[in-house]
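Trainee: Make a model of this:
(2 chains)
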Amino acid sequence: MNQPEIRVRFAPSPTGALHIGGVRTALYNYLFAKKHNGKFLLRIEDTDQNRYVDFAENYIKESLEWLGIVPDESPWAGGLCSPYRQSERKEIYQEYAHKMVAEGKAYYAFDTAEELEAMRKRLETEGVSNPQYNALSREQMKNSLTLPKEEVEARLKAGEPYTIRIKVPRKEEIRLNDLVRGWVVVHSSQIDDKVLLKSDGMPTYHLANVVDDYLMGITHVIRGEEWLPSAPLHVLLYRFLGWEAKMPQFAHLPLLLKPDGNGKLSKRDGDMHGFPVFPLAWTNPETQETVRGFREEGYLPEALINFLAFLGWNPGTEQEIFSLDELVQAFSIEKISKAGAKFDIKKAQWFNQYYIKQKDNAFWVNYLLQNCPYPLEKIQAEAIVALLKDRITFPKDFWEQAPYLFQTPENYDEQTLASKWTNEVSLVLKQWKTLIPTIDNKDWNAENIKHTLQQITENQGIKLGKVMQPIRIALTGVAQGADLMLIAQIIGKDETLKRIEKILAKMLQKEKI
RNA sequence: GGUCCAUUCGUCUAGGGGUUAGGACGCAUCCCUUUCACGGAUGAAACAGGGGUUCAAUUCCCCUAUGGACUACCA
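Mentor: Numbers count the residues shown, from 1 in each chain, chains lettered A, B, ... in the order given. Have a look, this model is predicted:
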């Protein structure tokens, strides 16, 4: 017997920027599909017309492409199960919904929003803790179960708005074997008669996802834990539709939680703690509201992937660094953890730093040439990359962490200056200033520069360490940074001289006062 | 409130009836060094609580506590 092909799907709704939790769900689906040589599909769940946001679909596409987790089948790539937008599959859901009504597994409901509200109020005052439209309360409502057949037909014929609701059995245990959590049992009395088809003719999520997963041959549903409570309803739908034998296996992923305290990670947390919770920056076209993105903050896709993979999953070995391909090889649903994972941006930064170091210098030279806001020669870029690559967390640190490579310092670390500046320093600098011009332009490199400085300090019997710190401030303005002699090499002979003169002028003036 | 899910260092987690409870991030100290990083070394740091079962429980069972998700004609 041939094993059926593994087919999984990521099914976001285009309501705005794709949340990072959704990205992780997509990643796990991708990893599982690739691991088993299966297919990863993307389906757009745009059944709520009110929440539809233009460009959101494109945002999803771009995010996944940036991360390299590209679906095999999707609205834009096509596939045998087209269309992959639920709004374009409206008739399909209607057909199944009506079929269920005909078979007595669902029914028409004509209740208005006000009537539903009144029902809930009534039940609450009667002391019902969980008011719902169910086997009991539906008897009091306006639906094809309570209304005379003629009236139902008349209402339908008159074009009166209606919904189709599932007829959940009164007393029954519904069980499902979740791949992450094991058996989950829910009593049918806890599930209400959920709307399957809305009065605008669109399906709700529950109907649409079951119908599509079946029609698209989905073998495993890997989704967030927020879907766990409604999973029994979906099991019921598979049964009512006669698809139980082909029902996919479920795996409900642990949630991504706020870094401090608890609760689902939200957009607010990103704003509060100063880190992105979305893959890409995004401005809502209607509200002009903007959110920041991992990509724009300077996170590398491989770092984000590695970080996200470990939020709720672990290979069981001590290896922490994984490329996408390695993750594919190592991934298994059994290793997914059950408890929610708090979002720790520090770990993401560590991964980023690691992957920056991993990339070869040529990559960063090219990056600098294209992105550095200051004018730059290739030879300078090469020196800068060699100097800073191992010290930075984000690519923009190349210039933000070391502005002195590009500009003469305006301000100096006065505190360090006050404690480290001595007459000896002043003397050394004055001598160095006269010695530097003796270095040929072609010989202007860290080694020779250091040599001249050493000559002076040795002659004067001064320890090099004594003067390095104040000289560093003279050349960079700050008290910390990479190898000073290399910095001097990068900024050039003229600029080095200029900076020495500047600090001498400044300190001399101070002495006079 | 009801239903469901969860609970090992601050965080992500490994482990699983008998372990010095392992790793990583972060933190601290030391080394390297012209400083700061990087790198290296070392260290502090955890089985939510209570009952069982058992010779033995962090591991299995129950309860409690805590946290979370869901509870729409949203997904």
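
Trainee: Residues of the stretch 401-513 of chain A that sit close to RNA strand B?
Mentor: Residues of the stretch 401-513 of chain A lying close to RNA strand B (CB under 7 Å from any atom of the strand) are A:464-465, A:468-469, A:472, A:479-486. In this view, the C-beta of every residue, glycine as well, is placed from N, C-alpha and C.

Trainee: Type out the PyMOL command that picks the buried ones from those.
Mentor: Buried residues among those (16 or more other CB atoms under 10 Å), as a PyMOL selection:
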select buried, chain A and resi 468+469+472+481+482+484+485+486
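
Trainee: which one of the residues of the stretch 401-513 of chain A next to RNA strand B sits closest to A:Pro71?
Mentor: Taking CB to CB as the measure, A:Ala482 is the one of these closest to A:Pro71, at 43.1 Å.

Trainee: before we move on, what SS does the closest one have?
Mentor: Under the three-state scheme (DSSP: H, G, I helix; E, B strand; the rest coil), A:Ala482 adopts coil.

Trainee: From what I see, it and A:Leu387 are in contact.
Mentor: Yes - with contact defined as CB atoms under 8 Å, A:Ala482 counts as touching A:Leu387 (4.8 Å).

Trainee: mind checking which helix or strand of chain A has the lowest mean pLDDT?
Mentor: Lowest mean confidence among the helices and strands of chain A (mean pLDDT, DSSP states H and E): helix A:267-273, at a mean of 86.

Trainee: ok, now how distant is the residue nearest to A:Glu73 when sequence neighbours are not counted from A:Arg9?
Mentor: Spatially, and ignoring its direct neighbours in sequence, A:Glu73 is nearest to A:Gly79 (3.0 Å; CB to CB, 6 or more residues apart in numbering). Look at A:Gly79 and A:Arg9: by CB to CB, to the nearest Å, they are 11 Å apart.

Trainee: who has more neighbours, these two?
Mentor: A:Arg9 (29 against 16; other CB atoms under 10 Å).

Trainee: Ramachandran angles for that one?
Mentor: phi -140, psi 150 (degrees, to the nearest 10).

Trainee: wait, doesn't it sit right on A:Leu42?
Mentor: Yes - between A:Arg9 and A:Leu42 there is a contact at 6.8 Å, judged by CB under 8 Å.

Trainee: Find the residues that touch each one of A:Gly79 and A:Arg9.
Mentor: Common neighbours of A:Gly79 and A:Arg9 (criterion: CB atoms under 8 Å, 6 or more residues apart in numbering): A:Leu41.

Trainee: where's stretch A:144-160 relative to the chain centroid, distance-wise?
Mentor: The chain centroid and the centroid of stretch A:144-160 are separated by 48 Å under CA atoms, centre = their mean, to the nearest Å.

Trainee: quick one: buried residues of it?
Mentor: Those would be A:Ser144, A:Leu145, A:Leu147, A:Val152, A:Arg155, for stretch A:144-160 by 16+ other CB under 10 Å.

Trainee: and the two most separated of those?
Mentor: Maximum distance among those (CB to CB): 13.5 Å, for A:Leu145 and A:Arg155.

Trainee: A strand includes A:Phe40, no?
Mentor: Yes - A:Phe40 sits within a strand when classified using three-state DSSP.

Trainee: Show the pLDDT at A:Met1.
Mentor: Looking at A:Met1, its pLDDT stands at 48.

Trainee: what helix or strand is A:Ile305 on?
Mentor: Element membership for A:Ile305, per DSSP states H and E: helix A:301-309.

Trainee: Can you show me the helices along the stretch 301-450 of chain A?
Mentor: Assigned by DSSP state H, counting those that start in this stretch, the helices in the stretch 301-450 of chain A fall at A:301-309, A:324-330, A:345-358, A:361-371, A:378-388, A:397-400, A:414-420, A:423-435, A:446-460.

Trainee: Can you add mean pLDDT and mean neighbour count and give the ones you listed back as CSV?
Mentor: Shown next, in CSV, are the helices of the stretch 301-450 of chain A (pLDDT from 0 to 100; neighbours: other CB atoms under 10 Å):
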stretch, mean pLDDT, mean neighbour count
helix A:301-309, 98, 22
helix A:324-330, 98, 16
helix A:345-358, 97, 17
helix A:361-371, 97, 15
helix A:378-388, 95, 18
helix A:397-400, 96, 18
helix A:414-420, 89, 13
helix A:423-435, 93, 16
helix A:446-460, 93, 15
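
Trainee: Can you check which of these gets nearest to A:Glu173?
Mentor: Nearest of the helices of the stretch 301-450 of chain A (CB to CB): helix A:301-309, 35.7 Å.

Trainee: Please determine whether the closest one lies in contact with RNA strand B.
Mentor: No - Helix A:301-309 is not in contact with RNA strand B by CB under 7 Å from any atom of the strand; minimum separation 8.6 Å.
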